[in-house]
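Novice: Here is the input, now give the coordinates:
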Amino acid sequence: MIRRLIAMAGALPRPIIIGTIVAICALCAADTKLSAIKLQSIAGVSVGMDLERARDVLKPLGTGGSGEEEAEERGSVKEAWSLKSGDFKTLAYKADEKGHIKWVTGWVRPGKEIPFSSIGDLKHAARSQESQAIWNVSGPSGDFRIVARGIGAHASVITFMSLGRRED
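Specialist: So this is what the prediction gives:
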C-alpha cells in the first residue's frame, strides 16, 4: 500500500510523502486494545450498556435518572445522577433510541482526582498531555473513545463515548 501511495503521489517532494505516511501510521497505531485500558466504566456504567441496566447499577449508588426525553433527537434519553460515595460525585449519560448508552461522563470528587495512568496505558493513548489524555479503543461491542481532562495528569472529568457499535 505504501508503494502505491508513493506511485500515486507523483511529483510531490519525498519529505512530504514520508511525512504523510508517518502521520497515517501514527493514526493507525492510536487504535488501543481494550486490554490497555484500566478503567472499564464510570461507576459501573459503560458505553453500549443497556439503559435499564445502567439505571439498576446506579439506583443503589445515588439519586437521579429523570429519563428526560430529548425533543431534538427523537427517542434518545439523557440522565444525570448524584452519587453518594466513591470516586465520582456526578455522572451523566445519553442513551440512543434503542436504549444503548452512547456516552457517559463522570465528574470526580475533589481530592480524588484519578491519574491518567490509572485510566489507561499512556503509551497507547492517541494523545497524552498534562491536561488531557485520549484513547481510541476497540472493544468487543464497538469502538469508543475515552477522554480524561484535569490538571497535572490527574483527571477531574472522564468521558467515554461511542465511535460505533458492532452488530451482533
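Novice: hey, let's count contacts and neighbours off CA atoms from now on
Specialist: Fine.
Novice: Sketch out the strands for this protein, chain order is fine.
Specialist: Across the chain, reading from the start of the chain, the strands by DSSP state E fall at 31-33, 62-64, 68-69, 77-83, 88-95, 101-108, 114-115, 127-128, 132-139, 142-151, 154-165.
Novice: by how many degrees do the fourth one and strand 101-108 diverge?
Specialist: For strand 77-83 against strand 101-108, the angle between stretch directions is 30 degrees (axes from the mean of the first three to the mean of the last three C-alpha atoms, to 10 degrees).
Novice: Name every strand pairing with strand 77-83 and say which way it goes.
Specialist: Each strand that pairs with strand 77-83, with its direction, by DSSP bridges: strand 62-64 (antiparallel), strand 68-69 (antiparallel), strand 88-95 (antiparallel).
Novice: JSON lines for the ones you listed, including mean neighbour count?
Specialist: Listed next are the strands paired with strand 77-83 as JSON lines, based on neighbours: other C-alpha atoms under 10 Å:
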{"stretch": "strand 62-64", "mean neighbour count": "15"}
{"stretch": "strand 68-69", "mean neighbour count": "14"}
{"stretch": "strand 88-95", "mean neighbour count": "22"}
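Novice: follow-up on the earlier one: how about a markdown table for the strands of the chain, with distance to Leu51 and mean pLDDT added?
Specialist: As requested, the strands of the chain are arranged in a markdown table below (distance: least, C-alpha to C-alpha, whole Å; pLDDT from 0 to 100):
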| stretch | distance to Leu51 | mean pLDDT |
| --- | --- | --- |
| strand 31-33 | 25 | 66 |
| strand 62-64 | 13 | 93 |
| strand 68-69 | 13 | 56 |
| strand 77-83 | 9 | 95 |
| strand 88-95 | 6 | 96 |
| strand 101-108 | 6 | 97 |
| strand 114-115 | 26 | 97 |
| strand 127-128 | 30 | 94 |
| strand 132-139 | 19 | 92 |
| strand 142-151 | 17 | 94 |
| strand 154-165 | 14 | 92 |
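Novice: picking up where we left off before, Arg145: which of the strands paired with strand 77-83 is closest?
Specialist: Closest to Arg145 of these is strand 88-95 (C-alpha to C-alpha; 14.3 Å).
Novice: quick one: contacts of the closest one?
Specialist: Among residues not part of strand 88-95, those counted as contacts by C-alpha atoms under 8 Å, 6 or more residues apart in numbering are 42-43, 51, 76-83, 101-109.
Novice: Need the strands of the chain in CSV (columns: distance to Asp56).
Specialist: Formatted as CSV, the entries for the strands of the chain read as follows, by distance: least, C-alpha to C-alpha, whole Å:
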stretch, distance to Asp56
strand 31-33, 28
strand 62-64, 11
strand 68-69, 17
strand 77-83, 12
strand 88-95, 14
strand 101-108, 13
strand 114-115, 25
strand 127-128, 34
strand 132-139, 23
strand 142-151, 22
strand 154-165, 19
